[in-house]
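Participant: what would the 3D arrangement of this be:
(chains A, B, C and D)
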Number of protein chains: 2
Amino acid sequence: MQNMQNKQIPDIVVGRLPSYLQMLKRLKTAGETNTSSKELGLKLEISAAQIRKDLSHFGEFGKQGTGYSINYLIECLEDILHVNKVWDMALVGVGFLGHAIANFQGFNHHGFQIKCIFDVDPSKIGQFVAGHIILDISELEKVIRKLNIQVAMITVDADNAQDVADKLVRAGIKSILNYAPVIIKVPSGIQIQYINPIIKLQHMTYYLK
Amino acid sequence: MQNMQNKQIPDIVVGRLPSYLQMLKRLKTAGETNTSSKELGLKLEISAAQIRKDLSHFGEFGKQGTGYSINYLIECLEDILHVNKVWDMALVGVGFLGHAIANFQGFNHHGFQIKCIFDVDPSKIGQFVAGHIILDISELEKVIRKLNIQVAMITVDADNAQDVADKLVRAGIKSILNYAPVIIKVPSGIQIQYINPIIKLQHMTYYLK
DNA sequence: AAGTATGTGTTAAATTTATCACAAAAGTAA
DNA sequence: TTACTTTTGTGATAAATTTAACACATACTT
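Facilitator: Here you go, the predicted model:
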C-alpha cells in the first residue's frame, strides 16, 4: 500500500502535511520519540481522524496500539514532500520587502537556499544584499537556467508581478511564492502560492467592532 | 435584505472578501468604474457564481444586466470588513523578521498602523525601530490597554509565541497575526491568522521532482 | 494468561462548500 | 413597443471535505 500516488491526492490534503512535519520536528527537538494522531491533533487543532485519513493517502506509517515513531514519520513526510534535500531559489525584487526576505534565515534552516537575486533598477544592480550581488533582470532566464533553479519568490509590486512570473516560467521555474498582492496566471503544472498579510488582517477585522 | 448578519456567514466566505476588495481597488486605480462577477472571477480565478453567492450573504450590491459599480462595491466591502477606518496595531518581537515588518509600509497603505513595539531583550529595549521606541514586554498589557489596541502581530520565535499570545489576549487584543511557525491556542472570540512561508514552499515541492 | 486500554486504517455518514441553471431586471437597438 | 443581450441573485444540485463508527492489532496490568 506504500507510495500509491496513483489515486490523485487532494491538494488540500497535501497542504496539511507541512504543518504535520513542522509539529513533528518540534516534538523531536523537545526530546519526544513517539506520538499519536490524538496528540498531533490536539497540538495542531485538527481532528485525529483527519490526520490519520490524510496520512492514509500515502501509506501506513503508524503501529496500532502504539502510534507513530516521530523519527520515522518525519522521514516519510520529508520523502513525500521532497524536502529531504536543499532547494535552490531565485528572488526577484529588492525593494524593502525583498531586502528583508533575502536576509531572512528561516528559509535556510528548512532546506531553502537563495542562490540568485534580481532587480530591474540600474541603481541596485551590482549592489550586494545578504551576500548576493543583485543581477539585472534581463539576465534572469540565462542565470536561472544555468543554475537549474526550480523555485522562485516574487517581491516586486503588484503591477509587475505577472510580468516577472512570465519571465520565471520561461526560465524553467516550477514553483513560485508570490508576495505581491495580485493573483498571477501560470500555465498548468506550475505551482503558485501567495503570502498576503493584508488580506489576513482584513479577514480578522470583519469580526471586530 | 441588506446587512442580515443573522444567518452565520461561513468563515471561508469572509476570507474571500478581502481579495475581492483588493482587486476592485486595482480596477479603480486602473480607471475602471464598473465591473461584473464575470470579470472579477476571471481576474481572481474564482467562478463568477461563487463571487455572486459570496456577496449575496451580505446584501444586493449589483444591478442586473449592468454589474457592479466599483466605487459602491468597494464602499460596501470596506463596511462589511470594517476597514473603513485605521486600525492600530502592536508588534511583539524585534528579531530580524520583526524589524523587517516594522519597516514594511504595506500595512500603513491599507489602514493598519503600528503604534507600539515590544521585545524582551534588555539590549533592544529603548532602541528605536521604524520610528518607534522598543518597549519592555513587561509593559505590554499596560500600554496596549491604554492605547486601546485590538490587533497585534507576533514575530517572536516558535517557543515564545504562545506565551506572547497569552499576554496579548490578557491585554485585550482581539486579532493576532502570527508569524511564528507554531499553532497558537486562543480563547473563542479571539481571531488568529498565520503567515508561514516555509509551509507554502513545502506544499509546492510536493509537486516537484 | 486474561482483561483492559490505546490507537491504527478503513468504511460509512454527515456536513460543508461549490456549481449549476434559471427567472427577473436592466440596458440597447430596431 | 418589441426583441435581444447581459448579468444579477438564488433555489436546487453536486462535489468535496470532515466527522464518526468500527474492527483489528499491540501494549500494559494484574
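
Participant: A:Glu75: how many residues sit nearby?
Facilitator: Residues lying near A:Glu75 (other C-beta atoms under 10 Å in any protein chain shown) number 14. (Glycine included, C-beta is placed from N, CA and C.)

Participant: tell me which element it is part of?
Facilitator: helix A:70-81 (DSSP states H and E).

Participant: same thing with A:Leu17?
Facilitator: With DSSP H and E as criterion, A:Leu17 is part of helix A:11-29.

Participant: so what touches that helix?
Facilitator: A:35, A:40, A:43-44, A:46, A:50-51, A:54-55, A:57, A:70-71, A:73-74, A:77-78, A:80-81, A:83, B:158, B:181-183, B:198-200, B:202-203, B:206 (C-beta atoms under 8 Å, 6 or more residues apart in numbering or on different chains).

Participant: which among these are in contact with DNA strand C?
Facilitator: Restricting these to those near DNA strand C by C-beta under 7 Å from any atom of the strand leaves A:Leu55.

Participant: all helices for chain A, in order.
Facilitator: All helices of chain A, identified by DSSP state H, fall at A:11-29, A:37-44, A:48-56, A:70-81, A:96-103, A:106-109, A:140-147, A:158-170, A:197-205.

Participant: circling back: restricting to C-alpha, output the helix holding A:Glu75 in PDB.
Facilitator: Coordinates of the C-alpha atoms in helix A:70-81 are reproduced here as PDB (Å, rounded to 0.1, in the frame of the first residue of the first chain):
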ATOM      1  CA  ILE A  70       8.500  10.600  15.300                       C
ATOM      2  CA  ASN A  71      11.800  10.000  13.500                       C
ATOM      3  CA  TYR A  72      10.200   7.600  11.100                       C
ATOM      4  CA  LEU A  73       7.200   9.800  10.300                       C
ATOM      5  CA  ILE A  74       9.400  12.800   9.800                       C
ATOM      6  CA  GLU A  75      11.500  10.800   7.300                       C
ATOM      7  CA  CYS A  76       8.400   9.600   5.500                       C
ATOM      8  CA  LEU A  77       6.800  13.100   5.300                       C
ATOM      9  CA  GLU A  78      10.100  14.600   4.100                       C
ATOM     10  CA  ASP A  79      10.200  12.000   1.400                       C
ATOM     11  CA  ILE A  80       6.600  12.700   0.400                       C
ATOM     12  CA  LEU A  81       7.100  16.500   0.300                       C
END
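
Participant: compute the mean per-residue pLDDT across it, please.
Facilitator: Helix A:70-81 carries an average pLDDT of 95.

Participant: which of the residues in it are buried?
Facilitator: A:70, A:73-74, A:76-78, A:80-81 (16 or more other C-beta atoms under 10 Å in any protein chain shown).

Participant: just these now: which is nearest chain B?
Facilitator: Among those, A:Leu81 lies closest to chain B (C-beta to the nearest C-beta), at 5.0 Å.

Participant: contacts only, for the closest one.
Facilitator: Taking C-beta under 8 Å, 6+ apart as the test, what A:Leu81 contacts is A:14, A:17-18, A:21, B:202-203, B:205-206.
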